[in-house]
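Colleague: Starting from these lines, generate the structure:
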Amino acid sequence: MTSKQSAGILLYRRKTHSLEVFLVHPGGPFWKNKDAGSWTIPKGEFTNDEPALDAAVREFREETGFLLKGPFQPLSPIRQKGGKRVYAWASAGDVDASAIVSNTVEIEWPRRSGKYQSFPEVDKAAWFSITRAREYINPAQIAFLEELEETVRA
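Modeller: You can find the predicted model right below:
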């Protein structure tokens, strides 16, 4: 059995003198009332048949509707609490967080009801200062924020 892996893009911009990052909130009923610690970089699973960077760009587009052109700076992979390995790239850019258009996913809801409903994979997006992002991002992904800060400072 192979462990799950995801790839994503940490989009960032400079606003005045501060650094901001673009994060998304998972859609669907499981995440509806969760905020702090549940936001993430736009990312998704991929198999070894697809290059990780290609998957990251694809997932960003699927979850936000925006196609990024790069350049992309690789970040060190992390492992999330559930064991999933996440590969990420940083890229400078600017998108309108209020204009995202996400793909949808079908899930059984309510649980064990046998009924399936369609939900957006991402229900909202926002720009966060690095300090605020640390409060809202999945805790395992804080390492991406730290590495980004070091990378853009250099």
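
Colleague: Which positions within whatever helix or strand A90 lives in qualify as buried?
Modeller: Using DSSP states H and E, A90 sits within strand 85-92. Across strand 85-92, burial judged by 16 or more other CB atoms under 10 Å covers 86-91. No exception for glycine: its C-beta is placed from N, CA and C like everyone else's.

Colleague: so where do the strands sit in this structure?
Modeller: With DSSP state E, the ranges of strands along the chain come out as 5-15, 18-26, 43-45, 73-79, 85-92, 104-108, 116-120, 122-129.

Colleague: What strands line up against the first one, and which way round?
Modeller: Strands flanking strand 5-15 in the sheet, each with its direction: strand 18-26 (antiparallel), strand 43-45 (antiparallel), strand 85-92 (parallel) (DSSP bridges).

Colleague: Could you point out which of those sits nearest G8?
Modeller: For the strands paired with strand 5-15, proximity to G8 was assessed by CB to CB; strand 43-45 is nearest, at 2.6 Å.

Colleague: give me every residue that touches the closest residue to K43 other than its chain neighbours.
Modeller: With sequence-adjacent residues excluded and distances taken as CB to CB, 6 or more residues apart in numbering, K43 is closest to G8, at 2.6 Å. Counting by CB atoms under 8 Å, 6 or more residues apart in numbering, G8 touches 40-44, 56, 59-60, 86-89.

Colleague: Buried residues in stretch 126-136, which are they?
Modeller: Applying 16+ other CB under 10 Å to stretch 126-136 flags 126-128, 130, 133, 136 as buried.
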